[in-house]
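Enquirer: Here's a sequence, model it:
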Amino acid sequence: MPIIDTLMKKILNTACVVLSISVTLLMIAEISARHLFEHAFRGLPEIYLLLVMWLYMLGASLASANRSHLRISILDMLITRPRTRKVYDLLITALTLIILLFFVRWAWGLVAWGIKRPQTTPILYLPWLSSMLSIFVASLLTTAYGIRDLVQAVRAMLNHKHLKQQG
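Expert: Numbers count the residues shown, from 1 in each chain. Prediction:
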């Protein structure tokens, strides 16, 4: 599994870098056109809006992959006992996974709605389903990382108990 985890992190990181560069270049082109030529590229904001949605969602997935998502840091500092820390980590991971399962359900509902009622952007007629799919993909990825984290938290608890029994 570490190979798959490393590969996914590299893919997510590369996608985020490519999307960041693309969005930046498109925004520079839009601003330059407005400033230099006093004319905007019609539809360009629609393109970078869809790309930004993917960037944001894949970035959230990358944060989950790297375990760099938001945490309540004051509690992290206050909990110093190893056993209490492991229980806390297990509890937080389990609660996070429950919330992530709701996120998957909600995201799939959004995609299903987007399929039933297809909508497009006003100028280029790009499907809004693309941005909805980015939310669904992020929900699946973050849930997969949530499962990984839960398995690791359970293993840490079991290892702690095993070490206590040996010692």
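Enquirer: Give me the nearest residue to Y88, chain neighbours excluded.
Expert: If the residues on either side of it in the chain are set aside, Y88 comes closest to I79, at 5.3 Å by Cβ to Cβ, 6 or more residues apart in numbering. For every residue, glycine as well, the C-beta is placed using N, CA and C.
Enquirer: measure that neighbour to T93 for me?
Expert: 14 Å (Cβ to Cβ, to the nearest Å).
Enquirer: the more surrounded of these two?
Expert: Here I79 and T93 are compared on neighbour count by other Cβ atoms under 10 Å; more neighbours surround T93, at 20 against 15.
Enquirer: Contact partners for that one?
Expert: 146, 149-150, 153 (Cβ atoms under 8 Å, 6 or more residues apart in numbering).
Enquirer: Then L51?
Expert: 19, 22-23, 26.
Enquirer: Buried ones in the helix or strand of the chain with the lowest mean pLDDT, by neighbour count?
Expert: Lowest on mean pLDDT, DSSP states H and E among the helices and strands of the chain sits helix 73-78, with a mean of 80. When burial is assessed from 16 or more other Cβ atoms under 10 Å, helix 73-78 yields no buried residues.
Enquirer: cool, stretch 118-138 as well?
Expert: Within stretch 118-138, the residues that count as buried by 16+ other Cβ under 10 Å are 121, 126, 128-129, 131-138.
Enquirer: and the helix ranked longest in the chain, which residues are buried?
Expert: In the chain, assigned by DSSP state H, the helix with the most residues is helix 129-166. Residues 129, 131-139, 141-146, 148-150, 153, 156 are the ones in helix 129-166 that count as buried (16+ other Cβ under 10 Å).
Enquirer: so where is this protein shaky, pLDDT-wise?
Expert: Low-confidence segments of the chain (pLDDT under 70): 1, 70-72, 160-167.
Enquirer: From the contacts of L51, keep the buried residues only.
Expert: Judged by 16+ other Cβ under 10 Å, buried ones among the contacts of L51: 19, 22-23, 26.
Enquirer: just curious, which of the residues you listed is nearest to G114?
Expert: L19 (20.7 Å; Cβ to Cβ).
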